[in-house]
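Q: this one's sequence-less:
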């Protein structure tokens, strides 16, 4: 069976990370080297608008740091792309701000000007805008809107990393990139926050220095877990894993979803309030400096092929987005369970997953994310990664066509 997703990391990268756990101790040097390979790292020029890049444990940690250093009044509203990774709205609430979901265009997965206009109030101070699914949102019109309303944009680029040709959008207060377990060029954790306000960057950097450093042993465990997850991505081990789960009456979907969760369990805020360890910083630098554009190009090629084979038979979510690299391939199924079962029968591990959620509307307020909330429960993610042959993509497209095409 073709598994839902393979970790985008090589065996030698994992080995390098494990070696770093025993040999890399100087965090300050690791930060400097990482900033050197990121094209918009700390600049020697004293321009307040030059992005300052701060490595973090995760995007969640970066958002936690940013919101902790902004001086917005308690109760201020923050607009959010309604579909986002779990816990982002939770972090907003932790800082006594009010998350307000913004509906998305189903073709591009981007918030529309109309949805922004419906969501904004006199209390709005920020917009957390997510580039979803491997796409990038053109921001010219959105920036005109936010500038007119004096709204700062915190740009969530967790799903949009595509190498050093794009490192965030000018005009945004901050751009956040993720290198978590399921992300492109994963380092099994880590994030980068590019801040375009010198004083805010200084405050964020100083605040993170007060945090404890990520446990070296904990990161070593993440690397060890990645070995198991990477092994399971191959077809024979995955088939054996599914059979074992069936015999033991275990839900393999839940096991896999829990295995890739960034911060499971209790004490969420304390878990994200950690500075990245030296080994993580070392592997993150390695992953960025050795980024494989050929692998990304192959994934994009397969995504376009699968799109051509399915777009006339099933609704696609976000596939008209700009610069699409197909980090995931979502379709909007008429009957998600039926499609998942048909794909499983043909050897494809599709899933509805639990890696995303829809932000709840504030109490007593109209729902400003009706379209994506209604669509969300019908989204199915098809397996797609560079190691799949063209023949598998064609076969998967055929299954989708046969399952989703209306009966005559």
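A: It's in. Everything numeric here is computed off the predicted structure, so don't read it as measured data.
Q: Let's verify the nearest residue to residue 103 once chain neighbours are set aside: helix, strand, or coil?
A: Of all residues not flanking residue 103 in the chain, residue 115 sits nearest, at 4.0 Å (Cβ to Cβ, 6 or more residues apart in numbering). Heads up, the C-betas are built off the backbone N, CA and C, glycines and all. Following DSSP: H, G, I helix; E, B strand; the rest coil, residue 115 is assigned to helix.
Q: can you check residue 175 too?
A: Residue 175 ends up strand, using three-state DSSP.
Q: Secondary structure element holding residue 14?
A: helix 11-23 (DSSP states H and E).
Q: Show me what secondary structure element comes after that helix.
A: Taking DSSP H and E, what comes next after helix 11-23 is helix 27-37.
Q: Following the chain past that next one, name the next helix or strand.
A: That would be, after helix 27-37 and using DSSP H and E, strand 52-56.
Q: Adjacent strands (with direction) for that following strand?
A: According to DSSP bridges, strand 52-56 forms sheet pairs with strand 191-195 (antiparallel).
Q: List the buried residues in the strand it pairs with.
A: By neighbour count on 16 or more other Cβ atoms under 10 Å, the buried set for strand 191-195 is 191-195.
Q: Ok, stretch 390-402 next?
A: Quick answer for stretch 390-402 (16+ other Cβ under 10 Å): 392-393, 395-397, 399-400.
Q: Stretch 61-69 now?
A: Those would be 61-67, 69, for stretch 61-69 by 16+ other Cβ under 10 Å.
Q: Show me the helices in the stretch 151-300 of the chain, by range?
A: Secondary structure of the stretch 151-300 of the chain by DSSP state H, counting those that start in this stretch: the helices cover 198-209, 216-232, 235-247, 252-259, 268-272, 278-289, 293-310.
Q: hang on, residue 295 packs against residue 386?
A: Yes - applying Cβ atoms under 8 Å as the test, residue 295 and residue 386 come out as touching, 4.8 Å apart.
Q: Any stretches of this protein with poor pLDDT?
A: Counting by pLDDT under 70, the chain has low-confidence residues at 39-50, 252, 257-266, 407-408.
Q: again, 80 this time
A: Applying pLDDT under 80 to the chain picks out residues 39-51, 164-165, 232-239, 241-243, 245-266, 353-354, 406-408.
Q: tell me the domain ranges of it?
A: Here the domain parsing of the chain from automatic domain parsing is 11-209, 293-401.
Q: who's in contact with residue 220?
A: Taking Cβ atoms under 8 Å, 6 or more residues apart in numbering as the criterion, residue 220 is in contact with 18, 21, 279.
Q: May I ask you to confirm that the last one is in contact with residue 219?
A: Yes - taking contacts as Cβ under 8 Å, residue 279 lies within contact range of residue 219: 5.6 Å.
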